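K.L.:
Test case, fold it:
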Amino acid sequence: MVELVFLGTSDAIPSKERNHTSILLSYKNENILIDCGEGTQRQLRIAEINPGKITRLLITHWHGDHILGIPGLLQTLNFSGYNQTFFIYGPKGTKEFVKEMLKTFAFQENFKIEVQEVNGKFFETEDFYLEAEKMSHGVPCNAYSFVKKSLLRIDKKKLEKTKLSGPIVAKLKQGKDVTFNGKKFLAKNLTYKEEGKKISFVFDTGFNERIIPFVKDSDLLICESTFGEELEDKAEEYNHLNAKKTAEIAKKSKSKKLILTHISQRYSKNPKVILDSAKKVFKNSVLAKDFDKFEI
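P.N.:
Take a look at the predicted model:
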């Protein structure tokens with residue numbers, strides 16, 4: 001199961017209700033932070049999440065509302081005895097930005113920080129991978145996808161009846177039939193397919209031809225919706241998306257569910273304007289709030 005916690009859902013200027021952008025994705029031993037706006041570590045504390053459990057940071061771009069929480073987070077990890085490698089991924093220029101940031105804040109590096117500038121598939125394990133795609137925001141900018149692979153799982157109840165174990169079970173997991181004590185066991189009778197999942201994150205971008213292919217078939221599409229449809233011209237001017245365009249992306253990409261985030265403070269009194277605009281195009285739309293949790 002993959003769990004998402006929305007730590008911040010505002011645009012460039014936070015509001016009373018919404019902190020700067022940050023989302024934590026948790027899966028098994030991985031806790032992946034997507035962006036780290038100002039105040040993120042305080043949001044983690046309010047959500048009762050130990051920042052020392054964070055394993056990776058994905059940076060969409062280097063505008064302040066998406067990265068100003070990084071120095072404080074790194075300092076907290078330093079003071080807390082963080083003793084593993086902290087991985088930071090981002091678009092072109094990220095290595096230099098991190099280098100200058102660490103110099104600016106006189107950071108004492110008591111744990112290893114590894115920085116990578118990424119595009120395409122950049123991290124993979126046995127059961128999931130991370131990939132990035134360039135977006136259009138006037139500065140180097142990435143969208144990201146977390147893809148949980150389709151896997152062949154052993155039906156434990158059926159396996160118990162066979163008394164099979166060890167290397168034989170490993171072969172079954174590979175979809176191979178096995179023979180034990182003269183009896184043949186078919187993999188299809190002892191296994192089942194666990195379908196994969198795809199979660200895509202698209203923050204701060206104008207519409208471009210790369211978005212829809214990149215987020216295609218997402219189970220969850222988490223996408224910026226800074227403006228309502230009435231401000232389409234302003235969205236285009238500032239290389240952002242409005243609610244209607246975001247919903248069109250969800251529909252055309254055949255995503256299953258759309259979560260709207262990065263909401264302008266101008267909608268603080270009536271955020272439903274954003275949601276209603278999206279729902280007219282894509283019914284399965286949800287407007288995220290700070291501390292919302294989603295499981296998939």
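
K.L.:
Regarding residue 201, which helix or strand does it belong to?
P.N.:
strand 197-202 (DSSP states H and E).

K.L.:
which helices and strands sit right next to the helix or strand immediately after that strand in the chain?
P.N.:
Sequence order places helix 211-215 as the next helix or strand after strand 197-202, per DSSP H and E. For helix 211-215, the elements it packs on are strand 142-148, strand 197-202, helix 243-252, judged by 3 or more C-beta pairs under 8 Å, 6 or more residues apart in numbering; DSSP states H and E. Backbone N, C-alpha and C define where each C-beta goes, glycine included.

K.L.:
List the strands paired with the shortest one, with their directions.
P.N.:
So the one you mean is strand 197-202. Strand pairing for strand 197-202, using DSSP bridges, gives strand 142-148 (antiparallel), strand 220-224 (parallel).

K.L.:
For my notes, please list these in JSON lines and give distance to residue 201 and mean pLDDT for each entry.
P.N.:
What follows is these, written out as JSON lines (distance: least, C-beta to C-beta, whole Å; pLDDT from 0 to 100):
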{"stretch": "strand 142-148", "distance to residue 201": "5", "mean pLDDT": "98"}
{"stretch": "strand 220-224", "distance to residue 201": "5", "mean pLDDT": "98"}
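
K.L.:
Spell out which residues make up each domain of the protein.
P.N.:
Split into domains by automatic domain parsing, the chain comes to 3-150+195-295, 152-191.

K.L.:
So which of these is the most surrounded?
P.N.:
Among the domains of the chain, domain 3-150+195-295 has the highest mean neighbour count (mean count of other C-beta atoms under 10 Å), at a mean of 19.

K.L.:
starting at the chain centroid, how far to that domain?
P.N.:
6 Å (C-alpha atoms, centre = their mean, to the nearest Å).

K.L.:
Stretch 184-198 too?
P.N.:
Taking mean C-alpha positions (C-alpha atoms, centre = their mean), stretch 184-198 and its chain are 27 Å apart.

K.L.:
Least reliable of the domains of the chain by average pLDDT, please.
P.N.:
Sorting the domains of the chain by mean pLDDT places domain 152-191 lowest, at a mean of 81.

K.L.:
Could you check how far that domain is from the centre of its chain?
P.N.:
The chain centre lies 35 Å from the centre of domain 152-191; the measure is C-alpha atoms, centre = their mean.
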